[in-house]
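Enquirer: got a sequence here, can you model it:
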Amino acid sequence: MRINRRLFHIRDITQKSKSRYLWDRNKYGYLFLLPWLVGIFAFTFYPIISSLYYSFTNYNLFTDPDWIGLKNYKNILFENARVVKALKVTGVYVLLDVPLQLLTALALALLLNKGIRGLPFFRAMFYIPSLLGGSVAISVLWRQIFGQAGAINKILIELGLTTATEAISWVSNPNTSIYTLIILHMWQFGSPMIIYLAGLKQIPQELYESAAIDGARKWKTFLHITLPLLTPIIFFNLIMQVISAFQAFTPAFIIGGGRGGGPLDSLLFYTLYLYFVGFTEFRMGYASAMAWLLLIIIVIVTGLLFVSSRKWVHY
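Expert: Numbers count the residues shown, from 1 in each chain. So this is what the prediction gives:
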């Protein structure tokens, strides 16, 4: 017993000495990390936990939260037609925009991977839309370009495809307004394109040389070498762009003209409706519940993509 107690005592002293040593060695690192730790707890973790609590309350910023349980979630899922409309608009946007953007980015990455002159310049030029595309200024410009007297209609008139009297405002027509936003987001292909380029550079050239010796055509080389080895990069870009598309807000708010969500709610994205509920109607409890529902939807979609990746992603 005495031997065991001594062993425990020695082990305890050893653990304390080790902890003391680690603290002395890393204390300056912790000191430099302190601003980040304070920021992430004060401005990230605390708001997240608070919003979860508020989602179960009736809270309007001016009175104390009133606990109502699952009533906000019940209303969102079963009693609010605008939420259903917002989910449909967002779903159409995600389903159309993400594949088109990724295909555009992949096509340009394959083109820029040919070793053309001035490649760094073209990479930078193609990346610029990703920096500017989500801004307010570009959204205002986009609304003018696709307006009734905008550049798109002028081009169509010059080509003889329409007349000045038949020209429509693409952003004000409920049948076409969402496609203007899809084109705007497709234009922001710079980030996935750069990632595709990095992935293409990692594919061993010996595989292409072997395929050329065997007489394989470029299309078969792309299908059987490039595409399979690029699937991890495609999967990464797919996840990132799906999450980004679900959170689209600024273009819909600017082009849709504010509170209305566009013509007949055709641009009423889920995040836009969440903003209206929270910051114009001051129903913060309801908006918090909507935010958590969006998080759940993104987690489910992402989880399904991870499950499906077992069948088509090759590492």
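Enquirer: so what's the residue count around residue 180?
Expert: 23 (other Cβ atoms under 10 Å). The way it works is simple: take the backbone N, C-alpha and C, and place the C-beta from them, glycine included.
Enquirer: how about it, nearest residue that isn't a chain neighbour?
Expert: residue 146 (4.7 Å; Cβ to Cβ, 6 or more residues apart in numbering).
Enquirer: which ones are touching that neighbour?
Expert: 152, 169, 170, 171, 180 (Cβ atoms under 8 Å, 6 or more residues apart in numbering).
Enquirer: quick one, phi psi at it?
Expert: With angles defined as degrees, to the nearest 10, residue 146 sits at phi -100, psi 10.
Enquirer: narrow the contacts of residue 146 to those in helices?
Expert: 152, 180 (DSSP state H).
Enquirer: make JSON lines from the contacts of residue 146 and add distance to residue 201 to it.
Expert: Output for those, formatted as JSON lines (distance: Cβ to Cβ, whole Å):
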{"residue": "152", "distance to residue 201": "37"}
{"residue": "169", "distance to residue 201": "44"}
{"residue": "170", "distance to residue 201": "39"}
{"residue": "171", "distance to residue 201": "39"}
{"residue": "180", "distance to residue 201": "35"}
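Enquirer: of the contacts of residue 146, buried ones?
Expert: Neighbour-count burial (16 or more other Cβ atoms under 10 Å) is assigned, among the contacts of residue 146, to 152, 169, 170, 171, 180.
Enquirer: and of these, the nearest to residue 283?
Expert: residue 171 (28.3 Å; Cβ to Cβ).
Enquirer: residues touching the closest one, list them.
Expert: Contacts of residue 171 (Cβ under 8 Å, 6+ apart): 142, 143, 146, 147, 177, 180, 255, 262.
Enquirer: separation between the most centrally placed residue in the chain and residue 212?
Expert: With distances taken as Cα atoms, centre = their mean, residue 244 lies nearest the centre of the chain, 1.0 Å away. Going from residue 244 to residue 212 by Cβ to Cβ, to the nearest Å gives 38 Å.
Enquirer: residues near residue 181, how many?
Expert: 26.
Enquirer: with residue 178 instead?
Expert: 24.
Enquirer: list the residues that contact it.
Expert: Listed by Cβ under 8 Å, 6+ apart, the contact partners of residue 178 are 89, 92, 93, 262, 266, 267.
Enquirer: skipping adjacent residues, who's closest to the fifth one in space?
Expert: Translated: residue 266. Here the residue nearest residue 266, using Cβ to Cβ, 6+ apart, is residue 174, at 4.1 Å.
Enquirer: got the end-to-end distance for stretch 72-84?
Expert: 15 Å (Cα to Cα, to the nearest Å).
Enquirer: of all the contacts of residue 178, which comes closest to residue 29?
Expert: Among those, and counting by Cβ to Cβ, the member closest to residue 29 is residue 93, at 43.3 Å.
Enquirer: which SSE is that closest one in?
Expert: Per DSSP states H and E, residue 93 falls inside helix 81-112.
Enquirer: figure out how far that helix is from the centre of its chain.
Expert: Chain-centre distance of helix 81-112: 10 Å, with Cα atoms, centre = their mean, to the nearest Å.
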